[in-house]
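K.L.:
quick one: sequence and predicted model below, then my questions.
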Amino acid sequence: MGFSAKQLGALKRKLAARQIRTREAHGRELSYIEGWFAISEANRIFGFDGWSRETVESRCVLARENRGSFAAVYIAKVRITVQADGSTIIREGHGSGEGRGMSPGEVHDIALKAAETDATKRALATFGKPFGLELYRKSKSAARERFKSPIIPPTRVGFHPDDTTPIPRPGRYHGFREDPKIETGRPTTKAPPLAPTVPQKIDKSTLALPEPKRLRDKPHLRFIASQPCIVCGRNPCDPHHLRFAQPRAVGVKVSDEFTVPLCRGHHRQLHQAGNEAVWWDKLKIDALRIARQLWEQTHSSKATSATSGQADMATTTE
């Protein structure tokens, strides 16, 4: 093993209880860590350029439609490669993910990302405790108790059976502070309550290491769904997000500006293909160019309507 002493110490450190999440599934309580936290710990321990993740296999095992509601289940196999002091360490993990909703494209996308995230966490868990290895015990509730601090019982005065000394208990006015108005006769003033602080959203595109903007536009997605399939020209269509247009992120889609219409048959075929860029190359379709043209159609019309509205207001004012 080529890990440094600092890395070995980090891999032996226990997981903090505040990072453990729980949820109910089929009448059982499951304990887990979130995908973003597992990736953050990998960056902290191995280094941002010291490890990589690769989806070796992904497959849709269930796709169902019932009265306009869609459900999909995916399984995925992820390979983690860590570079440590000249040696290469490879670990693999399998995971599954489920998606439900009214849009088949969104359902398949959610299920695939959930499967990849689950497989990533299982592969990283093989490296030790900071990735939630203890949570994979048979008794997960017992494993969760290991992270809780021990409860120290209070000291009792009458410990001996013959000791009749009463146990001191806090009285009714225990910790009560008398009103200074009664003592001095001067009125007291209360400090005004603090205004609640509203967290400000950070624009990550302006940071030193910027992240791409991921725009969300529901009217544009409805416009995409109304267009014919760019492969066969059939309707109805689903808005498909081009996953290769932006860097992958756990549980986050690419921006809505990289969306093209696909019929349900080709949409399902694309999700089962695996490598999306190769699939488009075989069809000789420039999906990015088409997505950009569709985005310009909806947003150029918005800009024109806004300009005409300002001109109408100026005419009325005059």
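P.N.:
It's in.
K.L.:
for the closest residue to residue 277 other than its chain neighbours, give me the backbone phi and psi.
P.N.:
Spatial nearest neighbour of residue 277, chain neighbours left out: residue 244 (5.0 Å); criterion: Cβ to Cβ, 6 or more residues apart in numbering. Where C-beta positions appear, they are placed from N, C-alpha and C, glycine not excepted. Dihedral pair for residue 244: phi -90, psi 0, per degrees, to the nearest 10.
K.L.:
next one: residue 101
P.N.:
Here is the backbone geometry of residue 101 (degrees, to the nearest 10): phi 170, psi -170.
K.L.:
show me how this structure divides into domains.
P.N.:
Each domain of the chain is listed here as a residue range: 16-145, 218-302, per automatic domain parsing.
K.L.:
so which of the ones you listed comes closest to residue 9?
P.N.:
Residue 9 lies closest, by Cβ to Cβ, to one member of these: domain 16-145, at 9.7 Å.
K.L.:
is it correct that the residue nearest to residue 277 is in contact with residue 276?
P.N.:
Yes: Residue 244 lies in contact with residue 276 (Cβ atoms under 8 Å); the separation is 5.6 Å.
K.L.:
rewinding a little: now tabulate the domains of the chain in JSON lines and tack on mean pLDDT and distance to residue 7.
P.N.:
Below are the domains of the chain laid out as JSON lines (pLDDT from 0 to 100; distance: least, Cβ to Cβ, whole Å):
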{"stretch": "domain 16-145", "mean pLDDT": "87", "distance to residue 7": "6"}
{"stretch": "domain 218-302", "mean pLDDT": "87", "distance to residue 7": "23"}
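K.L.:
quick check: the closest residue to residue 236 other than its chain neighbours vs residue 263, distance?
P.N.:
Distances taken as Cβ to Cβ, 6+ apart put residue 225 closest to residue 236, at 6.9 Å, once the chain neighbours are dropped. Look at residue 225 and residue 263: by Cβ to Cβ, to the nearest Å, they are 11 Å apart.
K.L.:
before we move on, what about residue 40?
P.N.:
39 Å.
K.L.:
ok, these two, which is more surrounded?
P.N.:
residue 263 (19 against 12; other Cβ atoms under 10 Å).
K.L.:
pretty sure the more buried one sits against residue 234.
P.N.:
Yes: between residue 263 and residue 234 there is a contact under Cβ under 8 Å: 4.5 Å.
K.L.:
wait, a helix at residue 81?
P.N.:
No: per DSSP: H, G, I helix; E, B strand; the rest coil, residue 81 lies outside any helix segment and is strand.
K.L.:
quick check: bridge partners of it?
P.N.:
residue 52, residue 90 (DSSP bridges).
K.L.:
what about it, neighbour count?
P.N.:
Other residues within reach of residue 81, judged by other Cβ under 10 Å, total 15.
K.L.:
same thing with residue 50?
P.N.:
14.
K.L.:
which residue packs closest to it, ignoring adjacent ones?
P.N.:
Closest residue to residue 50 apart from its sequence neighbours, by Cβ to Cβ, 6+ apart: residue 83 at 5.3 Å.
K.L.:
wouldn't the one you found be in contact with residue 7 here?
P.N.:
No: if you go by Cβ under 8 Å, residue 83 and residue 7 don't touch, sitting 11.6 Å apart.
K.L.:
more neighbours, those two?
P.N.:
Higher neighbour count among residue 83 and residue 7: residue 7, with 20 against 15, using other Cβ under 10 Å.
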